[in-house]
Structure formats: C-alpha cells, structure tokens
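**Q** Here you go, sequence then predicted model.
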Amino acid sequence: MKGKLIEFIRTKDYKFIDEIGQGGTGRTVLLEDEIINERFVCKKYSPYYEEHQLQFFNNFKEEIKLLHLVYHKNIVRVFNYYLYPEKHTGFILMEYIKGSNIYDYIKSNPDRLNDVFTQTIEGFINLEEVKILHRDIRPENILVSENGVVKIIDFGFGKKVDFEKNYDKSISLNWRYTPPVDFENKIYDFKTEIYFLGKLFEEIITENNLQNFSYKSLLKRMTDNDYDNRIASFFDIQREITTDESIGIDFSENDKNTYLRFASCLSDIYSKINIESKYISDISKIISDLEDVYRNSMLETFVQNHNSIAKCFVKGDYRYYSNREIEVELIKDFLTFIKSVSVDKQKIILNNLWQRLDNVEREIPIEEDDLPF
C-alpha cells in the first residue's frame, strides 16, 4: 500500500577493522561488509564533551541532508546513515579512501601538483553549486587516493563560525591559516573558502620549494587578504584554468566552423540573463539535455522551443527570443562535434560559449514586496 512503512527484517552487520580517529564531535572507524567484500568509513556522532550531545544533534542531521546533495568524483561519497534520535546519536557510512592527505601526496608526487590543484577546484565548484560551505579547509580534510584522485572529506558539522559569541575562540580553534579581512566584517562565504584553499596550496608549494606550479598569478588572487580584490568564485577559477590550458590546443577548421555556427545561434537566443543566474558546468548533462532537444525536434527543420536550448546552458532566470531560427541539423552537428573531442577540448568549447554569453545583457532581479496589489 502506498505510504506504508517498509521494515527491514534484519539489521546490517559490519566487521570492525580499525580506528581512524577521534574528533570533537565524533569517532571514525573502518568497517567491512563481508557480504560484498567492501570497506567503509563510519563516522559516529559522539561529541567529546557529553554536554554537547544534545546541543549539536540537529547539526548532525543537517550534515546528513547536505551530504546527500553531493555526488562528485572529488568529494567523499556517502552511502548510508543510521539515526537514533532517542539516544541523540547516529552513524554516517562513507566511501573508504586508501591514500594520503594532500600535503603528503604532493610532497611525494611533486609532478602531480597542477593536476591535484585542478581536481580540488572541481570538487569545490560542486560544493559551490549546491551551496555547501566546508568551513574546515586543511590538508587532513583533502585526501588523494592511491590512483591520484582528490577526495574532499569531513564537512565539519557544528563548526560554523559563531560571530555573536566566542568569536576569538572560534577563530583560534578552527582555522589553520591566518584569517582574512572577511572575519573582521563577520563574513564567511565561498570567497572566504577560496582564500583558505589558496593558503593551503601556498603552504604546500612554499614548504616543499615547488617550482612547477602553473597558476601562480591565480593563486595570488585567491589568497588576497582584501575580500573585494579576491577572485569571486571557484567557477571563475576553473574558467581561468581552462583559458590557460587552451594555449597550444588546436581545433580543425571544420570544428571551428561548427562551433562558430552554434555559438552565434546560442548567444542570439538570450535577450537578458538574471545577474544571479549561473552557467551550467556539467558537460555530460549539457550533452544529454541537447540530445533530448534533438530527439524532440528531429522531424522538424527548425527547433520550435528555444527555451529547451537556453536551459541547457543557464541555470536560473533569463529572457529569450522566440522568433530566432535555429536549424535542428545544427544541434546534431554540434553534438557530433563536442562528443568526438577530448574532455580538455570539451572544457575549452564550454568556456568559449560562456565568453559569448558574458556579453548578453544582465538583468537585476526585481524585489517583490509583501503588498497584495
């Protein structure tokens, strides 16, 4: 019956393998599921101070909700959770990452510095997209697997800076690096996260005397103490990285022609884009959505629903023209082109499309009041 509570017959059993660590809000252990021969990291909510057990339990539940919004190759994956509200405790079952923290990994693999940097930025872009602030950026919370894959871990529930009380104590306890001027103005947002991540890489590069870092000027802008001068978002960092990496990469004349035809049509669709709207950066999703547009239009000469194309590239509010002629065959040609090139070239194509869309007029959202008329 719909809505009926489903009860599982037996509880799930795991074999204890090893202790991993004890933090201020919980204990972490390594477990094994002997049925499928897989190991998992289990984080138990168990604050070091007993008086905090009830105080931070809601934060623990909120962390579970947030982590289930995240699914990205560079962020630790959450598989399951178990809550025991009557005892104010619970468990989060997460991906086991066999590797080392980012500092130790780069120290042992200095040639991987640039790749690790770009992977880390990609992970934080995903957090930015789902509006999750990490709040505890330090080497121990960014791991690199034995296969060289970056994994951001430990989202530090209960570690939100409380600027109203115990301000100085919060700073001294939670931050590895000298806080930026943001803290003086009681600001902690993604630009603050950019600062702390920049300081982490600055520490790694300086202490290990690494000379092969390709994004020195970008790192300088990430670690600018002045909030207003700092680069605005992780998304903007990725765009600059892509621009730098595009130097020396060539496209054929046929590829360029296909791109130019599609880019011109795409930028002509939008009349205005809301200043708060974001570009969609998931290339696989863009391709999938464009394939849907093509399938729904393949018996037509021109695309009938221009919004179906516009929403493939912009998330949020925008205005678009409905009287533009966009050939269905052009959608097919662009899909064939972008699917045939490497991931690096796909990023360059998308970045160039964004540069086109940067020229579309921006619209400030109108604030609605509470009056009924």
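**A** Looks like it arrived, so ask away.
**Q** Contact partners for Leu350?
**A** 242, 281, 283, 286 (Cβ atoms under 8 Å, 6 or more residues apart in numbering). Glycine gets a C-beta too; all of them are placed from N, C-alpha and C.
**Q** helix/strand/coil for it?
**A** Of the three states, Leu350 takes helix according to DSSP: H, G, I helix; E, B strand; the rest coil.
**Q** And Val29, by the same measure?
**A** Going by three-state DSSP, the state assigned to Val29 is strand.
**Q** Identify the bridge partners of it.
**A** For Val29, the beta-bridge partners are Glu19, Cys42 (DSSP bridges).
**Q** Now do the contacts for it.
**A** Shown in contact with Val29 (Cβ under 8 Å, 6+ apart): 16-20, 41-42, 44.
**Q** before we move on, back to that, give me the buried entries from the contacts of Leu350.
**A** Among the contacts of Leu350, the ones that count as buried by 16 or more other Cβ atoms under 10 Å are 242, 281, 286.
**Q** which element is the second one on?
**A** Looking back up the chat, that one is Ser281. According to DSSP states H and E, Ser281 maps onto no helix or strand at all.
**Q** Relative to Glu193, how far out is it?
**A** To Glu193, Ser281 is 17 Å away according to Cβ to Cβ, to the nearest Å.
**Q** on that earlier part again, most neighbours of all the contacts of Val29, which one?
**A** Counting neighbours by other Cβ atoms under 10 Å, Cys42 comes out on top of the contacts of Val29 with 22 neighbours.
**Q** Of the buried ones among the contacts of Leu350, which is the nearest to Asp189?
**A** Distances from the buried ones among the contacts of Leu350 to Asp189 were compared by Cβ to Cβ; the smallest belongs to Ser281, at 19.2 Å.
**Q** For the closest residue to Gly99 other than its chain neighbours, the count of nearby residues, please.
**A** With sequence-adjacent residues excluded and distances taken as Cβ to Cβ, 6 or more residues apart in numbering, Gly99 is closest to Ser145, at 4.1 Å. For Ser145, the count of nearby residues is 15 (other Cβ under 10 Å).
**Q** Now do the phi/psi pair for Ser145.
**A** Main-chain dihedrals, Ser145, degrees, to the nearest 10: phi -70, psi 170.
**Q** Touching, it and Ile97? I think so.
**A** Yes. Applying Cβ atoms under 8 Å, one finds Ser145 in contact with Ile97, separated by 5.4 Å.
**Q** Overlap in contacts, those two.
**A** Joint contacts of Ser145 and Ile97 (Cβ under 8 Å, 6+ apart) are Lys151.
**Q** List the contacts of the residue positioned nearest the centre of the chain.
**A** Residue closest to the average C-alpha location in the chain (Cα atoms, centre = their mean): Asn126, at 1.3 Å. By Cβ under 8 Å, 6+ apart, the contact set of Asn126 is 70, 72, 74-75.
**Q** in what helix or strand does it lie?
**A** Using DSSP H and E, Asn126 falls within helix 113-129.
**Q** Mind putting the contacts of Leu350 into JSON lines with secondary structure, pLDDT and distance to Asn185?
**A** Output for the contacts of Leu350, formatted as JSON lines (DSSP: H, G, I helix; E, B strand; the rest coil; pLDDT from 0 to 100; distance: Cβ to Cβ, whole Å):
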{"residue": "Thr242", "secondary structure": "helix", "pLDDT": "91", "distance to Asn185": "31"}
{"residue": "Ser281", "secondary structure": "coil", "pLDDT": "91", "distance to Asn185": "29"}
{"residue": "Ile283", "secondary structure": "helix", "pLDDT": "94", "distance to Asn185": "37"}
{"residue": "Ile286", "secondary structure": "helix", "pLDDT": "97", "distance to Asn185": "37"}
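**Q** mind putting the contacts of Val29 in TSV, pLDDT and distance to Leu299 included?
**A** TSV is the format used below for the contacts of Val29 (pLDDT from 0 to 100; distance: Cβ to Cβ, whole Å):
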residue	pLDDT	distance to Leu299
Phe16	91	60
Ile17	92	58
Asp18	90	60
Glu19	89	63
Ile20	85	57
Val41	91	51
Cys42	90	53
Lys44	86	57
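**Q** and which of those residues is nearest to Glu325?
**A** Nearest to Glu325, judged by Cβ to Cβ, of the contacts of Val29 is Val41 at 54.5 Å.
**Q** Double-check that closest one against Met94; I have them as touching.
**A** Yes. Using Cβ under 8 Å, Val41 makes contact with Met94 at a distance of 4.6 Å.
**Q** Identify the contacts common to these two.
**A** Joint contacts of Val41 and Met94 (Cβ under 8 Å, 6+ apart) are Val76.
**Q** Could I get the full set of helices for the stretch 251-373 of the chain?
**A** With DSSP state H, counting those that start in this stretch as the criterion, the stretch 251-373 of the chain has helices at 253-269, 283-297, 307-310, 328-340, 343-357.
**Q** So which of those is nearest Leu83?
**A** Closest of the helices of the stretch 251-373 of the chain to Leu83 is helix 283-297, at 31.6 Å (criterion: Cβ to Cβ).
**Q** Alright, calling it a day.
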